[in-house]
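Asks: Sequence first, predicted model second:
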Amino acid sequence: MRSSDHRKEPDPWVLSAAQARRPIVSIMGMVVLVVGPAVLGVVMWRSGDPTAVSVAKYVVIFAAAMFCLLIMASAPYLSIVFRDKPQLRQSGGVVATVLPGSKLYFWAFQATWLCFALLFLPAAYQVADAGFGQYWHLVVIFGGIGAFATIPVVLSLIGAMRPDDLLLTSEVIIHEGWNSQTQLLWGDVNRVRTSFEKLPIIDIAGMVGARWLHRYRIPYSTIMGRSNPAWNLDRPPHTGWIVLECPRFALEKSSLYRYLQFYAENPESRTELGTPTSLDRWSTLADDVSA
């Protein structure tokens, strides 16, 4: 075995010093956007001035939205604290090994949109109350943005959106995305690779003619044979592939990659999937990655 096989980070995920600094700088900037408005909102609230008090709640809600975005940006680092492990779950009449998605990342996203809804909908009402005839255009703009911001929250409440899960059985890989599902048979997997497109990605690439299925859990229209969802938060489907965004999983990304790579390269071991042996396999590979 090559010495490079035990590197913690696959090559596409190894960033230059400048690239590694960017998320840290972004996080620091977002901290300013959280603390600054939060302090300003408190000062305005305590000022006693009616206008300042009226505006203070919007400033604080904006700070809350930035805090949720800060959590999402910090998810790769917070995953050390909120890390999960594979589980066994009944699915479609068989037991599958489930690689769980990050509930923290998902609900931080939902909370961000909820904050924007709470920011713009009351603002629309307040402007309308102050003078709809004069400011109707602001009412339409604020109301439209607020209504738009409620869409992911509503989709989550009705179950059309939920955190990622990756279900593995001896025969098939099922990726439950935020609002879509993709299936690929193990026998048609060509390789598992890593890539970097603004964030770490794991690609499960199928061979030409792979038996692959993709469907949306949300309303969509079909134009010229192509499905067009009303609201899509997953990556556009790549025929024959399953594409995983690592921050969406509550697992250490290198361990996730090595785990999928192992079963792609060792078909005789896929019978472990759906059994406690697959959980032991995770522990072994995770320890090997961290060594």
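Replies: Ah, there it is. Source: prediction; values computed, not measured.
Asks: ranges for the strands of the stretch 1-150 of the chain?
Replies: The residue ranges that make up the strands of the stretch 1-150 of the chain, judged by DSSP state E, counting those that start in this stretch, are 87-91, 94-100.
Asks: and the angle from the longest one to strand 87-91?
Replies: Going back to what we said before, that points to strand 94-100. Orientation of strand 94-100 against strand 87-91 (axes from the mean of the first three to the mean of the last three C-alpha atoms, to 10 degrees) gives an angle of 130 degrees.
Asks: State the paired neighbours of strand 94-100 in the sheet, together with their directions.
Replies: Counting by DSSP bridges, the strands paired with strand 94-100 are strand 87-91 (antiparallel), strand 165-168 (antiparallel).
Asks: can you tell me which of these the model trusts least?
Replies: Here the strands paired with strand 94-100 differ in mean pLDDT, and the lowest is strand 87-91 at a mean of 91.
Asks: quick one: buried residues of that one?
Replies: Buried residues in strand 87-91, counting neighbours by 16 or more other C-beta atoms under 10 Å, are found at residue 91. In this view, the C-beta of every residue, glycine as well, is placed from N, C-alpha and C.
Asks: and what of stretch 44-55?
Replies: By neighbour count with 16+ other C-beta under 10 Å, stretch 44-55 contains the buried residues 44-45, 52, 55.
Asks: Which other helices and strands does the longest helix seen in the chain contact?
Replies: Using DSSP state H, we find that the single longest helix of the chain is helix 103-149. In terms of contacts (3 or more C-beta pairs under 8 Å, 6 or more residues apart in numbering; DSSP states H and E), helix 103-149 is packed against helix 50-73, helix 75-78, helix 151-157.
Asks: avg pLDDT for that helix?
Replies: pLDDT averaged over helix 103-149 equals 92, rounded to a whole number.
Asks: Make a markdown table out of the strands paired with strand 94-100 and add distance to residue 271.
Replies: Listed next are the strands paired with strand 94-100 as a markdown table, based on distance: least, C-beta to C-beta, whole Å:
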| stretch | distance to residue 271 |
| --- | --- |
| strand 87-91 | 14 |
| strand 165-168 | 12 |
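Asks: so which of those strands comes closest to residue 102?
Replies: Closest of these to residue 102 is strand 165-168, at 10.6 Å (criterion: C-beta to C-beta).
Asks: Can you show me the CA trace of the closest one as PDB?
Replies: Written as PDB, here are the backbone C-alpha positions of strand 165-168 (Å, rounded to 0.1, in the frame of the first residue of the first chain):
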ATOM      1  CA  ASP A 165     -29.000  10.600   4.500                       C
ATOM      2  CA  LEU A 166     -27.000   8.000   2.500                       C
ATOM      3  CA  LEU A 167     -28.400   4.500   2.700                       C
ATOM      4  CA  LEU A 168     -26.200   1.600   1.800                       C
END
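Asks: tell me how far that strand is from the chain's mean position?
Replies: How far strand 165-168 lies from its chain's middle: 15 Å, per C-alpha atoms, centre = their mean, to the nearest Å.
Asks: And stretch 276-286, by the same measure?
Replies: The chain centroid and the centroid of stretch 276-286 are separated by 24 Å under C-alpha atoms, centre = their mean.
Asks: Which residues does stretch 106-122 contact?
Replies: For stretch 106-122, the surrounding residues in contact (C-beta atoms under 8 Å, 6 or more residues apart in numbering) are 57-58, 61-62, 64-65, 68-69, 71-72, 75, 142-143, 145-147, 149-153, 156, 161-164, 178, 233, 248.
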